[in-house]
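# Fold the following, please.
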Amino acid sequence: MESNPPVFVSRLAFCIALFFIGCSSSISQTIVTGMVKDAASGQPIASASVLFRGGKGTATDSMGNYRLSSSNLKFTQLQISYVGYTTQYINFEPGKETVINGSLEIDLRYINSVTVSTSKRAPYKNKGNPAVELINKVIEHRAENRATASDYLSYTQYEKLTLSMSNFSDKITASRLLNQYKFLFDNRDTTTVAGRILLPVYIQETISKKWWRKNPAAAKTVVEAEKQVDFGSYVDNKGINLYLNRLYMDVDIYENNIPLFTYQFLSPIASLSPTFYLFYIRDTITDANGEKFIKLYFTPRNTGDLLFRGNMLITLDGRYAVKSINLFISKNANLNFVREMNIDLNFQKNTDGRYYLISSKTGADAGINRSMRGGIYGERTVSFQRYDRETPIPDSVFAGAPSIRAPDAASRGSNYWQQNRHDTLKQTESAIYTNIDSLTRMRSYQRAMGLMVFLVDGYVSLGPVEWGPFAAFYSFNPVEGFKPRLGGRTTPQFSKRIYLEGYGAYGLKDEQLKYFLRTTYSLNNKSIYQYPLSFIRASYQYDTKIPGQELQFVSEDNFLLSFKRGLNDKWLYNRNLVTEYVHEFPRNVAITLGGKNWIQQPAGSIVYNKTLNGIPVQVKELTTTEFYGEVRWAPHEQFYQSKVYRIPIVNKYPIYTLRFIAGVKGVLNSEFTYQNLSGRVEKRVYLSRFGYSDVVLEGGYIFGKLPYPLITIHRANQTYSYMLESYNLMNFQEFVSDHYYSININHYFNGLLLNRVPLIKKLKLREVISLKMLYGGVRAENDPRLHPDLIQYPQMEGHPTTFTLEAKPYLEGSVGICNLLKLFRVDIVKRFSYLENPSVSPWGLRARFKFDF
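All right, here's what the predicted structure looks like:
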């Protein structure tokens, strides 16, 4: 990509001008920011009181930071106080922006009141405990204290999410090799987190208008403006946005569970919180308005659980509402890579007497391990304004999709952002946009990102053409022997309408050329790999396949999957001619319509034998032509888009899929007429402290008389990798059905048991169990044992190797450990039924790569 100096210079000049304009506009206002620390330990003090003496004040957040502003130029002294410390008074010059860091000394009058105890925790009881009685009052009043307790609610929301490199090595910044990136290293932030130097590299901002109605229940979000840095075509910028918002989700303290980092944390005011938390009353506080609050401290009973510790202020006006709350995650919590996390929520009393959330800040420091100096710090701040619970909302507001974007949301100018941001950006935040824009224009960055894409996705980009995937360049199997393969595809640089894709492969043993050619025409002039899809395509393929093997996110020719257990001698040579239309509608509804001509030839140990008029006949190939349609509905679906696959960001909403196939005899030499109806429902079920379950229900029914290769051959797995969608101890082509139903459950305990085992809990291992059940059968008209004119089940040494499921269901389960080395899952798998079948393994050890927080 060629650089564009005029554009860059104009943007940089505009940002510099904007910065000085912002500075000059703040002269008439006093702004004081800073941090409050313990003078002895240097640790930040959360919830310390900071106020203009004689005026309004605020409290420090969980990292000890604060910000005060006033247009009253009479204030000249700052007052900083906290229970147990001497109050500090600091003079300042009004009408300026000043940084004042407080350092509080311990008040000696409190030393004599300290009780020294042994290291053993004092006996704690819920019964008769004033702190527990208080939290129970908060729990009882949760429903009435929620903002949605009213019939109508509307407000505006501004959110900002930033990512920064944390405490990066000076050796890196001083390296001559990175001298050209000096403009990035100069943009350092030393005020956001105490004792850390941050290098901001990512920012996204959103301004939204939200409406809510109780009866009938309805919600609406209109994104009026959005803005984020753009890393170019090498990454899915929208996917990054979705994934980060999944990690840093909205925190509703009044919900039983708070979703963070793909997990659910039990709220300290959840119904079950007294069972899992310890509560202590710390103080009674009176604010500048004379309102009284109780300061309540909470901490997990087991520090390894996914729970919080922190402080909350509870009102004493009979509502028992939360005025503010600071949440921390224990350093012993069973989380990967997250070294620290803090959440600050602040509520403000409205004219109706209720406390409404006015600000939320979530900050997290992540690194490979705790001893590592550098890492990544992410922060999401959200502010809420213009609450209105009195004005009825007309039905027209809720018409259409529940969440929409204004047509010009992504093109709002700087004037709009200046006027509508709830707070101004810091200089280091403003510079992110221009710095990343400059970075993406550098040739060295483009080469580095190209290398990263190759390592992650397996494709080498050469402008309008990409070669890959790398993992499929070389594989082997008993039928083809060693099989080199070379493939590629075009990119939007070639054409935004027409996409070409293909590969060629050659089996050194069978000495046959395999190939695949596909052309796709985009109907919406967008990439065929990005939402929303809308295209038509046609393809032709000649290649081998194992009947009943289904893979997710990997190629059939992946080298690592060439290694298989048991007999791997059941193969097919397939010729597929496919035409297809795919369209995605709003609300995540997608349809697929298509046609397929399929010619299959048996290979390896598979032989198609049948009897006609008492004479044995060997069938060389089967030909079918079928037309199909599929409807998929995935409400609120989110995903990260890689070069080839969509990687789902799983949430609590179900996904429904319905598919119908009709085979038509006589079309392109098709030999059969049949209909195939199948359905699937998948959902993640969260069980709070007990983890979550991924549940998949499937079923299907085939109408018509067919040979067994054309009915359902159930998904088997003979690799050493644990496959979520397959039966891991079932042999290839072991079971067939023309009607079936199945249930697949994977339950993750998230360390519920192992977190309580001494020493082992330090490893942060997590338990997982699974159960897979399949039940089906073959009707009499499709049973080759009753109809010799149908292709017979394959045999080995006179015994059949393919079976049906009428007698009993196929059942297998596993017990496993996740988070080994933070990256792997290992399962011991047990097969419970049909153990009498040949070449069956009742036990197996399987492993799977699993990245998670």
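
# what about the strands in the stretch 401-550 of the chain?
Listed from the start of the chain, the stretch 401-550 of the chain has strands (DSSP state E, counting those that start in this stretch) covering 403-405, 460-462, 465-467, 474-477, 481-490, 498-506, 513-522, 534-545.

# Quick one: the ones you listed as JSON lines, columns for mean pLDDT too.
Compiled in JSON lines, the strands of the stretch 401-550 of the chain are given as follows (pLDDT from 0 to 100):
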{"stretch": "strand 403-405", "mean pLDDT": "88"}
{"stretch": "strand 460-462", "mean pLDDT": "81"}
{"stretch": "strand 465-467", "mean pLDDT": "88"}
{"stretch": "strand 474-477", "mean pLDDT": "83"}
{"stretch": "strand 481-490", "mean pLDDT": "92"}
{"stretch": "strand 498-506", "mean pLDDT": "94"}
{"stretch": "strand 513-522", "mean pLDDT": "96"}
{"stretch": "strand 534-545", "mean pLDDT": "95"}
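
# Same list (those) but as CSV, adding mean neighbour count and distance to residue 567.
Where C-beta positions appear, they are placed from N, C-alpha and C, glycine not excepted. Rendered in CSV, the data for those read as follows (neighbours: other CB atoms under 10 Å; distance: least, CB to CB, whole Å):
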stretch, mean neighbour count, distance to residue 567
strand 403-405, 15, 52
strand 460-462, 16, 37
strand 465-467, 19, 35
strand 474-477, 19, 12
strand 481-490, 18, 17
strand 498-506, 18, 23
strand 513-522, 16, 23
strand 534-545, 17, 16
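
# Tabulate these in JSON lines, adding columns for distance to residue 134.
Putting the strands of the stretch 401-550 of the chain into JSON lines (distance: least, CB to CB, whole Å) gives the following:
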{"stretch": "strand 403-405", "distance to residue 134": "38"}
{"stretch": "strand 460-462", "distance to residue 134": "60"}
{"stretch": "strand 465-467", "distance to residue 134": "61"}
{"stretch": "strand 474-477", "distance to residue 134": "64"}
{"stretch": "strand 481-490", "distance to residue 134": "63"}
{"stretch": "strand 498-506", "distance to residue 134": "63"}
{"stretch": "strand 513-522", "distance to residue 134": "60"}
{"stretch": "strand 534-545", "distance to residue 134": "56"}
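
# quick one: residue 685 and residue 426, what's the gap?
For residue 685, the distance to residue 426 equals 42 Å [CB to CB, to the nearest Å].

# who does the helix or strand containing residue 623 pair up with?
Residue 623 is part of strand 622-633 when elements are defined by DSSP states H and E. Strand partners for strand 622-633, identified by DSSP bridges, are recorded as strand 589-604 (antiparallel), strand 655-663 (antiparallel).

# Who's the closest spatial neighbour of the spatially most central residue of the chain, skipping the chain neighbours?
Nearest to the geometric centre of the chain sits residue 649, at 3.7 Å (CA atoms, centre = their mean). The shortest distance from residue 649 to any non-neighbouring residue, by CB to CB, 6 or more residues apart in numbering, is to residue 638 (4.3 Å).

# Do you know the pLDDT at that neighbour?
Residue-level confidence at residue 638 comes out at 75, pLDDT.

# my read: it touches residue 652, true?
No - under the criterion of CB atoms under 8 Å, residue 638 is not in contact with residue 652, lying 11.6 Å apart.

# Which of those two has more residues huddled nearby?
residue 638 (20 against 13; other CB atoms under 10 Å).

# gap between that one and residue 212?
Applying CB to CB, one obtains 21 Å for the distance of residue 638 from residue 212.

# now swap in residue 473 and tell me
53 Å.

# What are the phi and psi values at residue 588?
Backbone torsions of residue 588, given as degrees, to the nearest 10, read phi 60, psi 40.

# swap in residue 144?
Backbone geometry at residue 144, expressed as degrees, to the nearest 10, gives phi -80, psi -20.

# can you pull the contacts of the nearest residue in space to residue 708 that is not next to it in sequence?
The shortest distance from residue 708 to any residue other than its chain neighbours is 5.1 Å, reached at residue 736 (CB to CB, 6+ apart). Residues in contact with residue 736, defined by CB atoms under 8 Å, 6 or more residues apart in numbering, are 708, 711-714, 778, 802-804.

# who wins for neighbours among these?
Neighbour counts for these (other CB under 10 Å) peak at residue 778, which has 26 neighbours.

# What are the neighbouring residues in contact with it?
708, 711, 736-738, 804, 806.

# cool, residue 152 as well?
Contacts for residue 152 were tallied using CB under 8 Å, 6+ apart; they are 211-214, 388-393.

# Now a PyMOL select for only the buried ones of those.
Per 16 or more other CB atoms under 10 Å, the buried members of the contacts of residue 152 correspond to this PyMOL selection:
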select buried, resi 211+212+213+389+393
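
# tell me which of the contacts of residue 152 is nearest to residue 362?
Of all the contacts of residue 152, the one with the least separation from residue 362 (CB to CB) is residue 212, at 22.0 Å.

# What's the first helix or strand after the helix or strand that the closest one is a member of?
Take DSSP H and E as the rule and residue 212 turns out to sit in strand 198-213. Scanning forward in sequence from strand 198-213 by DSSP H and E, the next helix or strand is strand 218-228.

# Would you indicate which residues of that next one are buried?
Neighbour-count burial for strand 218-228, with 16+ other CB under 10 Å as criterion, is recorded at 220-221, 223-228.

# Tell me the one among those residues nearest to residue 43.
residue 228 (34.0 Å).

# Tell me what the closest residue to that closest one other than its chain neighbours is bridged to.
Nearest residue to residue 228, sequence neighbours excluded (CB to CB, 6+ apart): residue 204, at 3.5 Å. With DSSP bridges applied, residue 204 shows beta-bridge pairing to residue 161, residue 228.

# same deal with the one 5 residues further on?
Taking DSSP bridges, one obtains residue 156, residue 222 as the residues bridged to residue 209.

# from what I can see it touches residue 221, true?
Yes - contact between residue 209 and residue 221 holds when scored by CB under 8 Å: they sit 7.5 Å apart.
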